[in-house]
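Participant: return atomic coordinates for the entry below.
(one chain, ligands or ions: 2)
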Amino acid sequence: MGGRHSKSYRVVAEEGSISDVGIIRRTGSGPDLTTQQQQQQQQPSQSSEEDSTMISTVLCQVDDLKDGQMKDFTVEGKKVLLVKDEGQFHAIGAKCTHYGANLATGAYSNGRVRCPWHGACFSVTTGDIEDFPGLDSLPKFQTKIEGNSVVLLATKEELEVVKRTKPMCSMADDCHEAPVIIVGGGAAALTCAESLRQHSYQGNIIMMTQESSAPYDRIKLSKAPDTPVDKILLRTADFYEKHKIQILTNSQVTSVSVVDKAVTLADQDTVHYSKLVIATGGTPRTLTCPGADLQGIHYLRTPQDGLSISESVQGRDVVIIGSSFIGMELAASLVAKVKSITCVDALTEPFQMVLGEPIGRAMRKVLARDVAQTERC
Ligand SMILES: Cc1cc2nc3c(=O)[nH]c(=O)nc-3n(C[C@H](O)[C@H](O)[C@H](O)COP(=O)(O)OP(=O)(O)OC[C@H]3O[C@@H](n4cnc5c(N)ncnc54)[C@H](O)[C@@H]3O)c2cc1C
Ligand code: FES
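Facilitator: Ligands and ions are numbered 1, 2, ... in the order given. Model (predicted):
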């Protein structure tokens, strides 16, 4: 690590604040957590005998659901999602672990439920998260068939659990190997670090990001661009400390030597690695036309971009270039505060690139109807 130990880096100290605390230090490894222990951590601390008594609840009859159909049920005041596939029933938590969307209104295919809001994906056989966004898994409940009835078996305690973090190992005390370095500080980098711990990797893990904050939920920026970064952090400082995942912020990697197994940072520091992961994400395509360098042109990628867009659009005529998800979500989030919004696209219909022309045309009609209704109000 050479000179990096002597330097101070900006890392997240606790949820809701950012401070200079230097590299996250090892404090020794605690016992590995089992799934049950983790679930217990996310449950209310007081539990009674009544809470841990198994309750059998008839949800429906076997033929009430068709194969591939999902339905949510309320059991002891909590929502449970029941899915039927190839004659088998699976019961999992009904609310997405990302921002709590009702999964029953999402899509089911091939053993997975996809969230209707931003597309997170969960296995119905395990409840495990299988696709971004969101990092945590759903609780999974037991079911059985009694006669013609589908029965849920769960304790009150189990029904209280809304999300579950997959079990992770700790870092070994006697780890002398060079770290795994992950370049990037987005969801992919974080998921990689967590997956290493989930798959029993006990060595040192260092994430290096050129941004000034720990990983945050980038997708929120088009839905609520004025959200401060401390409200959308993906994990708390405690989480990184507990799982011994170091994050170096303001650390842009400028070159990699695979011969020396080392990365060089913008300030010329060199750090050696045992394995290197590059998770540097994407960047917006910038304008190249005349006028592209004029004032008042913004790109949306970071919380700072979101804030400066929010601050500058008040009462103005706004043009958004691009009419797919990010452009249209941004239009929806700004519409209340601007004088007008015009979305411009090289294609004929909004969302055409991802959803095709017929759906894009239908979306345009829905948007026109909504605008007409807004104007009438
Ligand atoms: C406004 C917006 C809204 C979105 N909404 C959705 C949505 O609703 N649903 C959805 O599924 N997806 C959405 N996306 C896409 C989603 O955010 C990306 O798919 C996701 O962020 C990709 O994660 P990543 O970790 O691969 O990359 P990124 O999030 O791009 O993270 C890469 C990180 O690496 C850092 N980095 C790059 N180069 C270096 C370097 N040399 N040294 C150090 N650090 C470096 C970057 O600064 C960045 O922090 C949205 C994207 C945007 C911009
Ligand atoms: S609420 Fe489900 S993906 Fe965001």
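Participant: quick one, phi/psi of the residue in the stretch 201-350 of the chain positioned nearest to ligand 1?
Facilitator: Residue nearest to ligand 1 within the stretch 201-350 of the chain (Cβ to the nearest ligand atom): G281, separated by 2.0 Å. All C-beta atoms are positioned from the backbone trio N, CA, C, and that covers glycine. Torsion angles at G281 (phi, psi; degrees, to the nearest 10) stand at phi 70, psi -150.
Participant: how far away is it from S323?
Facilitator: G281 is 23 Å from S323, where distance means Cβ to Cβ, to the nearest Å.
Participant: picking that back up, I'd say the residue of the stretch 201-350 of the chain closest to ligand 1 and G184 touch.
Facilitator: Yes: assessed by Cβ atoms under 8 Å, G281 is found in contact with G184 at 6.0 Å.
Participant: who has more neighbours out of these two?
Facilitator: Each of G281 and G184 has its neighbours counted (other Cβ atoms under 10 Å); G184 has more, 21 against 14.
Participant: and the pLDDT for the more buried one?
Facilitator: Here the pLDDT value assigned to G184 is 98.
Participant: identify the residue nearest it in space, chain neighbours excluded?
Facilitator: A279 (3.6 Å; Cβ to Cβ, 6 or more residues apart in numbering).
Participant: do stretch 227-234 and ligand 2 come into contact?
Facilitator: No: applying Cβ under 6 Å from any ligand atom, one finds stretch 227-234 separated from ligand 2 by no less than 12.0 Å.
Participant: make 35 the starting number, not 1.
Facilitator: New numbering, starting at 35: the last item is stretch 261-268.
Participant: buried residues in that stretch?
Facilitator: 261, 263-264, 266-268 (16 or more other Cβ atoms under 10 Å).
Participant: that stretch vs ligand 1: in contact?
Facilitator: No: Stretch 261-268 lies out of reach of ligand 1 by Cβ under 6 Å from any ligand atom, never closer than 10.1 Å.
Participant: likewise for stretch 341-349?
Facilitator: No: Stretch 341-349 does not reach ligand 1 (Cβ under 6 Å from any ligand atom); its nearest approach is 10.2 Å.
Participant: could you give me the buried positions within that stretch?
Facilitator: 341, 343-344, 347.
Participant: could you tell me which of the residues you listed belong to helices?
Facilitator: 341, 343-344, 347 (DSSP state H).
Participant: what two of those residues are the furthest from one another?
Facilitator: L341 and V347 (11.4 Å; Cβ to Cβ).
Participant: picking that back up, and the residue nearest to G218, how many neighbours?
Facilitator: Neighbours of A313 (other Cβ under 10 Å): 18.
Participant: I393 too?
Facilitator: 14.
Participant: quick one: low-confidence parts of this protein?
Facilitator: Judged by pLDDT under 70, the chain has its weakly predicted residues at 35-83, 405-411.
Participant: helices of this structure, start to end?
Facilitator: 69-75, 190-194, 221-232, 254-257, 271-276, 337-347, 359-368, 386-389, 391-410.
Participant: so which bits of the stretch 35-184 of the chain are right by ligand 1?
Facilitator: Counting by Cβ under 6 Å from any ligand atom, the residues of the stretch 35-184 of the chain near ligand 1 are 152-153, 166-167.
Participant: with respect to ligand 1, which of those is nearest?
Facilitator: H152 (3.9 Å).
Participant: how about the nearest residue to that closest one once chain neighbours are set aside, phi and psi?
Facilitator: Nearest residue to H152, sequence neighbours excluded (Cβ to Cβ, 6+ apart): P167, at 5.2 Å. The phi and psi torsions at P167 (degrees, to the nearest 10) take the values phi -90, psi 170.
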